[in-house]
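A.B. asks: here are the coordinates; sequence isn't available:
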Ligand SMILES: CC(C)(COP(=O)(O)OP(=O)(O)OC[C@H]1O[C@@H](n2cnc3c(N)ncnc32)[C@H](O)[C@@H]1OP(=O)(O)O)[C@@H](O)C(=O)NCCC(=O)NCCS
C-alpha cells in the first residue's frame, strides 16, 4: 500500500518559535457540550477504552487487527490520545493518538472513525483536539501518514503536502518502497 507522509509545521519552527495561547482553537467545529448533547463523550486517556472494539473499528476500515496487549503498550507510550465514546454503548467510535518527543515533534497515528459514525464530523473533532493538545505543549512539528484518499480530509485541518518541496522517507523491507508525500501547516498557529 502506498503511504503518504503528512507534515504539520510552521515554516518558522526552526527559529525557536514560541506558542501563543491565541494559536489554540477554542471554537471547535463541534463543542464538547454539543458532542455530549449528541450522545458522545470526548476522552483523552486510555481509561475505559474498549480495545476489542477499537480493533473492530480498525478491521472495519481496513487496518490490521493488533494484539491488544501491544496496543496497550502503544497507548502507554503515546503522549496524546483523543477518542470519542458513544455514551449509549460506552464503545469508542472515533480514535486518534500521537507519539513524540514531548517538546519538538509528534507523529499522529491510528486515526479512525467507525464507518457507521463517519460523515458527522467526528474525524474533524478528534484531529482538531489532538492538534491543539500538541500545540499547547509547544510541539510545533506535527506529522502523519495519510493515504491519498484522505489527503482532502487533512488539508482543511491545516495539513499540507511537501512543505518547501521536502519529501519524507520511510524505511521499507518491501521490494517496492513506500511513496512519501510531505504535508505542512498552512494555517498560522505559531508565533515567533
Ligand atoms: C478519514 C476519516 C478519519 C474521516 O472521518 P469522518 O468522521 O468521516 O470525517 P468528518 O465527518 O469529520 O469530516 C470532516 C470534513 O472532512 C471531509 N472529509 C471526510 N473524509 C474525507 C476524505 N476522505 N476526503 C476529503 N474530505 C473528507 C468531510 O466532507 C468534512 O467536510 P466539511 O467539514 O466541509 O463538512 C474516516 O473516514 C476514517 O476513519 N477513514 C478510514 C481510516 C482512515 O483512512 N484514516 C486515516 C488514516 S491516515
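C.D. replies: In hand now; what should we look at? Remember, it's a predicted structure, so these values are computed and weren't measured experimentally.

A.B. asks: which SSE is residue 54 in?
C.D. replies: Using DSSP states H and E, residue 54 sits within helix 51-60.

A.B. asks: leaving aside the residues next to it on the chain, what's closest to the residue in the chain that the ligand sits nearest to?
C.D. replies: For the chain, the residue closest to the ligand is residue 123, as judged by Cβ to the nearest ligand atom, at 2.3 Å. C-beta: built from backbone N, CA, C; applies to glycine. Excluding the flanking residues, the one nearest residue 123 by Cβ to Cβ, 6 or more residues apart in numbering is residue 113, at 4.9 Å.

A.B. asks: and the next element down the chain from the lowest-mean-pLDDT helix or strand in the chain?
C.D. replies: Every helix and strand of the chain was ranked by mean pLDDT, DSSP states H and E. The lowest is strand 5-9, at a mean of 49. Sequence order places helix 32-37 as the next helix or strand after strand 5-9, per DSSP H and E.

A.B. asks: which helix or strand lies directly C-terminal to that next one?
C.D. replies: Next helix or strand after helix 32-37 toward the C-terminus (DSSP H and E): strand 40-43.

A.B. asks: got the contact list for that next one?
C.D. replies: Strand 40-43 is contacted from outside by 32, 35, 49, 81-87, 92-93, 122, 125, 129, using Cβ atoms under 8 Å, 6 or more residues apart in numbering.

A.B. asks: what's the helix ranked longest in the chain packed up against?
C.D. replies: When the chain is parsed with DSSP state H, its longest helix is helix 122-136. When contacts are defined as 3 or more Cβ pairs under 8 Å, 6 or more residues apart in numbering; DSSP states H and E, helix 122-136 sits against strand 40-43, strand 80-86, strand 91-100, strand 105-113, strand 141-145.

A.B. asks: okay if I get those as a markdown table plus mean pLDDT?
C.D. replies: Shown next, in a markdown table, are these (pLDDT from 0 to 100):
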| stretch | mean pLDDT |
| --- | --- |
| strand 40-43 | 98 |
| strand 80-86 | 98 |
| strand 91-100 | 98 |
| strand 105-113 | 97 |
| strand 141-145 | 92 |
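
A.B. asks: could those go into a markdown table alongside mean neighbour count and distance to residue 169?
C.D. replies: Converted to a markdown table, the helices and strands packed on helix 122-136 look like this (neighbours: other Cβ atoms under 10 Å; distance: least, Cβ to Cβ, whole Å):
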| stretch | mean neighbour count | distance to residue 169 |
| --- | --- | --- |
| strand 40-43 | 18 | 34 |
| strand 80-86 | 23 | 24 |
| strand 91-100 | 22 | 18 |
| strand 105-113 | 21 | 14 |
| strand 141-145 | 22 | 12 |
